[in-house]
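1. what's the 3D shape of this:
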Amino acid sequence: MTRVAAIDCGTNSIRLLVADVDPRAGTLVDLDRRMEVVRLGQGVDRTGRIAPEALARTLDAARRYNDICTELGVEAIRFVATSASRDAENRADFVNGVHDALGVEPEVVEGLEEAELSFQGATGVLAGKHPGPFLVVDLGGGSTELVLGSDSVQAAFSMDVGCVRLTERHLHTDPPTPDEVGRSRRDVAAALDTASAHVPLGETVTLVGLAGTVTTVTAHALGLTSYDPHAIDGSVLPVETVLAACEDLLARNHEQRAALGFMHPGRVDVIGAGALVWHEVVSRVRDDVVRAGGELTSVVTSEHDILDGIAWSVATR
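-> Here you go, the predicted structure:
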């Protein structure tokens, strides 16, 4: 058994998982799992650079995570950085800062490796509970990964749409105007058209959603008054229930979203865009499955995601 730390630094949040992993027994036991919203991708879509204040927030969190790893006696750390740091001209400042904070080089992974790690993390706990092929959708701040497979990855694609990127591009009114929503939907539809040329969405048997947007939408669909990961993880909801929850979150204003007991403060201003992306993905996958002669009636939400995949990768190196 190996005690490892997995860190996932995305466009909106930085997350830590400390776990004991036994590859031979196929077990992963959480010791600490936490998240901070640092908004590393603030303005990256517009400027092409990580903002100084966003970098400072992220490195502060990395130093706190280092203290936790030291306290828990972590043997190995893997730090994976995704969309915002992948796109930024000044990514070297980020890489050097993380190395100073944690003593490890952050790995700025490409979209396809990000997709594979998400798939491994999610399907490791779903095998035997739901039939494949799985379409695993990791909806982040700057990008959304689509991964199809059963025991292993069959096809994958990373779309440059996410809750932060779409908010900054289009959703500037509170609540958004029909024109802003329409432009956002067209962006996502175009991305899905491209993705479908790489990933046969119609082959999906079980649709699995990951990451903060999806779990927040699920909390809303379940009618939770506070965030409960045990209720959210593994939940199976009808497609129409998920779509209705997405539409409701998109239509609310900032104050109404902030009043929801399950809503993380760092997601209030971007959850509308995230819900819009998830609505379009679920609708498109359902329609493609129907066109292929099948039926998709429900959506599975998983709290196990790229963090779990990173942890497995550390233990099996």
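2. quick one: average pLDDT of stretch 76-87?
-> For stretch 76-87, mean pLDDT is 82.
3. Give me the neighbour count for the closest residue to residue 48 other than its chain neighbours.
-> Distance criterion CB to CB, 6 or more residues apart in numbering; nearest residue to residue 48, sequence neighbours excluded, is residue 89 at 5.1 Å. Quick note: C-beta positions are derived from backbone N, CA and C, even for glycine. Here the count is done by other CB atoms under 10 Å, and residue 89 has 11 residues near it.
4. Just the element for residue 89, please.
-> Using DSSP states H and E, residue 89 is not contained in any helix or strand.
5. Phi and psi next, for it.
-> With angles defined as degrees, to the nearest 10, residue 89 sits at phi -70, psi -30.
6. correct me, but it touches residue 49?
-> Yes - under the criterion of CB atoms under 8 Å, residue 89 makes contact with residue 49 at 5.2 Å.
7. all strands for this protein, in order.
-> Counting by DSSP state E, the chain has strands at residues 2-9, 13-22, 27-37, 76-81, 107-108, 134-139, 144-149, 153-159, 206-210, 236-238, 298-301.
8. Contacts only, for the residue lying closest to residue 290 once chain neighbours are set aside.
-> In space, and not counting its chain neighbours, residue 290 is closest to residue 296: 7.4 Å by CB to CB, 6+ apart. The contact partners of residue 296, taken as CB atoms under 8 Å, 6 or more residues apart in numbering, are 204, 207, 239, 285-286, 289-290.
9. which two from those residues end up farthest apart in space?
-> For the contacts of residue 296, with distances taken as CB to CB, the pair at the greatest spread is 207 and 290 (12.9 Å).
10. higher neighbour count, these two?
-> The neighbour comparison of residue 207 against residue 290 (other CB under 10 Å) goes to residue 207, with 24 against 12.
11. That one contacts residue 299, correct?
-> Yes - assessed by CB under 8 Å, residue 207 is found in contact with residue 299 at 5.1 Å.
12. between these two, what contacts are shared?
-> Both residue 207 and residue 299 are contacted by residue 282, under the criterion CB under 8 Å, 6+ apart.
13. buried ones in stretch 306-316?
-> Residues of stretch 306-316 classed as buried: 306-315 (neighbour count, 16 or more other CB atoms under 10 Å).
14. and of these, the nearest to residue 163?
-> Residue 163 has its nearest neighbour among those in residue 306, at 15.8 Å by CB to CB.
15. quick one: that closest one and residue 78 touch, right?
-> No - at 11.0 Å, residue 306 does not count as touching residue 78 under the criterion of CB under 8 Å.
16. ok so, going back, list the backbone torsions phi and psi for the residue nearest to residue 290.
-> Dihedral pair for residue 296: phi -130, psi 110, per degrees, to the nearest 10.
17. mind listing what residue 111 touches?
-> 83, 86, 143, 145, 156-158.
18. 7 Å instead?
-> Contacts for residue 111 (CB atoms under 7 Å, 6 or more residues apart in numbering) come out as 143, 145, 158.
19. Dump these to TSV, plus neighbour count.
-> Shown next, in TSV, are these (neighbours: other CB atoms under 10 Å):
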residue	neighbour count
143	26
145	30
158	25
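20. Let me have the residues you listed in JSON lines, extended by pLDDT.
-> Output for the contacts of residue 111, formatted as JSON lines (pLDDT from 0 to 100):
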{"residue": "143", "pLDDT": "85"}
{"residue": "145", "pLDDT": "88"}
{"residue": "158", "pLDDT": "88"}
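21. Among those residues, which one sits closest to residue 170?
-> residue 143 (16.2 Å).
22. Tell me how far the closest one lies from residue 6.
-> Here residue 143 is placed at a distance of 19 Å from residue 6 (CB to CB, to the nearest Å).
23. what does residue 105 give?
-> With the distance defined as CB to CB, residue 105 ends up 15 Å from residue 6.
24. out of those two, which sits in the busier spot?
-> When neighbours are counted by other CB under 10 Å, residue 105 and residue 6 differ, and residue 6 comes out ahead with 30 against 12.
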